[in-house]
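Asks: only geometry, no sequence info:
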């Protein structure tokens, strides 16, 4: 986990360096009175490398995904009726007409 986190931070630092390089390049173009048509090729390579590192670390760092079991006791839907005090039935949706002839297709 330490290596992946370090690579993510390195990707963010590469993004900041690419932004700083682009700002410097635009300043240089203003001095030489040339028009900005896009960042230089090395900045584009930095952006691509930073993007790959950040995406890689974001996918690896959170850990293993766990499956959700619908009949689990820890499921929020199962334990929701215990919090009846927080259920609100008086809301703005009561002004809409209720259609009783509608059936769900299963």
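Replies: Thanks, I have the structure now. Because the structure is predicted, anything quoted here is derived from the model rather than measured. Residues are numbered from 1 along each chain as shown.
Asks: the bottom helix or strand of the protein by mean pLDDT?
Replies: helix 76-79 (a mean of 50; mean pLDDT, DSSP states H and E).
Asks: Can you name the helix or strand that residue 26 falls in?
Replies: Here residue 26 sits within helix 2-31, counting by DSSP states H and E.
Asks: Buried residues of the following helix or strand past that helix, list them for me.
Replies: Toward the C-terminus, helix 2-31 is succeeded by helix 41-60 as the next helix or strand (DSSP H and E). Applying a neighbour-count criterion of 16 or more other Cβ atoms under 10 Å, the buried positions in helix 41-60 are 43, 46, 47, 50, 53, 54, 57. (Glycine included, C-beta is placed from N, CA and C.)
Asks: The last one and residue 3 touch, don't they?
Replies: No: with contact defined as Cβ atoms under 8 Å, residue 57 does not reach residue 3; the gap is 9.2 Å.
Asks: So for residue 36, what's the pLDDT?
Replies: For residue 36, the model assigns a pLDDT of 83.
Asks: And the one 4 residues further on, by the same measure?
Replies: If you check residue 40, the pLDDT there is 89.
Asks: count of residues packed around it?
Replies: Residue 40 has 11 neighbours, counted by other Cβ atoms under 10 Å.
Asks: Test my guess that it contacts residue 24.
Replies: No: between residue 40 and residue 24 there is no contact under Cβ under 8 Å: 10.2 Å.
Asks: How much space separates residue 38 from residue 64?
Replies: Distance, residue 38 to residue 64, by Cβ to Cβ, to the nearest Å: 41 Å.
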